[in-house]
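1. dropping the sequence and predicted coords here.
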Amino acid sequence: MLAKFIWEIIDLVEEKADEKVKQKIYLVGGAVRDFLIGEEIIDYDLLCEKSALALAEFLQTENYAQIVSIHESFGTVKIQLNSPANIQLDLATTRTEIYEFSGALPIAQYPQNINIDLARRDFTINAIALELKPNQEFEIIDIFAGQADLKNKCIKVLHDLSYFEDPTRILRAIRFAVRFNYKISEIDLKLITETLNKPQIQGLAEKIRGIRIGIELKRLLELNNYLDGACLMTELGAWTLLSKENLIINLNPTDLPLPSWQARLAYLLWNNHNLLNLLELLGFEKKIQKQIGFIQNIINQNALNQPSIKLIKEINNLDLDFYNLLFNLRPAWQNQFKLLEKALPQIKPLELIEQGFSGIEINQRLEYLFQENLLRLKQ
Ligand code: CTP
């Protein structure tokens, strides 16, 4: 079922809009796909035959929604509904897209006929539109036989150049295949391999599209079965999008859960010397890079063999995700670390002050007690 607010918008336009605003309005993209297969719809993308901005301004005047942002070069507008207030919708104007070179941001030309807009899309299953009509009626527009591919559980692009023009679609194909347990069509497998063999595609993240590749990788790694996605990336050779060098991918199942995509990616890419560089290219936040850099250092230095109170504190200060990352990478350290924690001196710095220690001596004393406890525990 489509959300109530979708029909409210259609009815409002029908009742109150003037000729400038009145136009065909379609639901497109993932929302249609998910509607047709009975999945929960998370994001609604509405497509306007003539002008998304005209619709957005009308909804704002009618006090139905607020305009959040306008993206003129793409003819898109983001709006926020007044009620329910937590809902944001993307409104777009029908457009075609021209890619000047592989991986480029496309140049948009709008408005266009709906069929032309559908033809710029990634997969047949994502290129179905519902023309929304008053009284909760709709018409399915499916010029690429997307419904048949939904039935056959098959991922297919609309034309042979699609992966080359937008190589992030390779990651999207893998994501949809893993998410819905669909297969990528034979022709698409061939197109993907051909695309990945082209020199300009290898290391694309290093050249231009790091952030966009990062976004699609994030969405793939957010799936519960992200390891299946990573395996499929390995099978297809899709890691080459990240780096020209042959990356080593760690596909071992984890012991401890890694809820965030960043920790998952760090786990997969662990054995590569340029890990931090790669993460920077993909748009990782500094705070996360720092934690991963710290883990990398202590593993390289085998730091648990020269333990200190500071080291234990630093490990315990890691976000849970990165704490788990460390012990997934070094499972044998789990018991070793428990022992170190047991050896932490129970005495409070205040008590040491009362005993006459001051300044730097306090930490030195604590460290001394720690090493002493450790020796005892190891005996
Ligand atoms: N799209 C595309 N090529 C891309 C990205 C998106 O053609 N590289 C089109 C597809 O028609 C897609 C729609 O834009 O369905 C919306 O994209 P997006 O929100 O990224 O994905 P969804 O298909 O909605 O999937 P999800 O449910 O994961 O959000």
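-> Nice, I can see it.
2. so how far is the helix or strand of the chain at the bottom of the mean pLDDT ranking off the chain centroid?
-> Least confident helix or strand, the chain: helix 275-281 with a mean of 88, by mean pLDDT, DSSP states H and E. When C-alpha coordinates are averaged (CA atoms, centre = their mean, to the nearest Å), helix 275-281 and its chain have centres 16 Å apart.
3. buried residues of it, list them for me.
-> Residues 275-276, 278-279, 281 are the ones in helix 275-281 that count as buried (16 or more other CB atoms under 10 Å). All C-beta atoms are positioned from the backbone trio N, CA, C, and that covers glycine.
4. now tabulate these in CSV and tack on distance to residue 258.
-> Shown next, in CSV, are the buried residues of helix 275-281 (distance: CB to CB, whole Å):
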residue, distance to residue 258
275, 15
276, 18
278, 17
279, 15
281, 21
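5. max-length helix in this protein?
-> helix 360-378 (DSSP state H).
6. can you show me the CA trace of that one as CSV?
-> What follows is helix 360-378, C-alpha atoms only, in CSV (Å, rounded to 0.1, in the frame of the first residue of the first chain):
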residue,chain,number,x,y,z
ILE,A,360,54.2,12.2,37.4
GLU,A,361,55.0,9.7,40.2
ILE,A,362,51.3,8.8,40.5
ASN,A,363,51.1,7.4,37.0
GLN,A,364,54.5,5.7,37.4
ARG,A,365,53.3,4.1,40.6
LEU,A,366,50.1,2.9,38.9
GLU,A,367,52.1,1.5,36.1
TYR,A,368,54.4,-0.3,38.5
LEU,A,369,51.5,-1.8,40.3
PHE,A,370,50.0,-2.9,37.0
GLN,A,371,53.1,-4.7,35.8
GLU,A,372,53.5,-6.3,39.3
ASN,A,373,49.8,-7.6,39.1
LEU,A,374,50.4,-8.8,35.7
LEU,A,375,53.5,-10.8,36.6
ARG,A,376,51.5,-12.4,39.5
LEU,A,377,48.5,-13.3,37.2
LYS,A,378,50.8,-14.9,34.6
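7. which parts of that helix are buried?
-> 365-366, 369-370, 373-374.
8. ok so, going back, so which of the buried residues of helix 275-281 is the closest to residue 224?
-> residue 279 (22.3 Å; CB to CB).
9. need the contact list for the closest one.
-> By CB atoms under 8 Å, 6 or more residues apart in numbering, the residues touching residue 279 are 262, 265-266, 269, 288-289, 292.
10. now with 10 Å, please.
-> Contacts of residue 279 were listed using CB atoms under 10 Å, 6 or more residues apart in numbering, and they are 214, 262, 265-266, 269, 285, 288-289, 292-293.
11. using CSV, lay out the buried residues of helix 360-378 together with distance to residue 358 and pLDDT.
-> CSV is the format used below for those (distance: CB to CB, whole Å; pLDDT from 0 to 100):
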residue, distance to residue 358, pLDDT
365, 10, 94
366, 13, 95
369, 16, 96
370, 19, 97
373, 23, 96
374, 25, 96
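12. and residue 257, how far from residue 280?
-> Counting by CB to CB, to the nearest Å, the gap from residue 257 to residue 280 is 26 Å.
13. domain ranges for the protein?
-> Split into domains by automatic domain parsing, the chain comes to 1-152, 343-379.
14. which parts of the protein are strands?
-> Secondary structure of the chain by DSSP state E: the strands cover 25-28, 45-48, 65-71, 76-81, 88-93, 96-98, 107-109, 129-133, 137-141, 154-155, 183-184.
15. what strands line up against the second one, and which way round?
-> Okay, so that is strand 45-48. Strand pairing for strand 45-48, determined by DSSP bridges: strand 25-28 (antiparallel), strand 88-93 (parallel).
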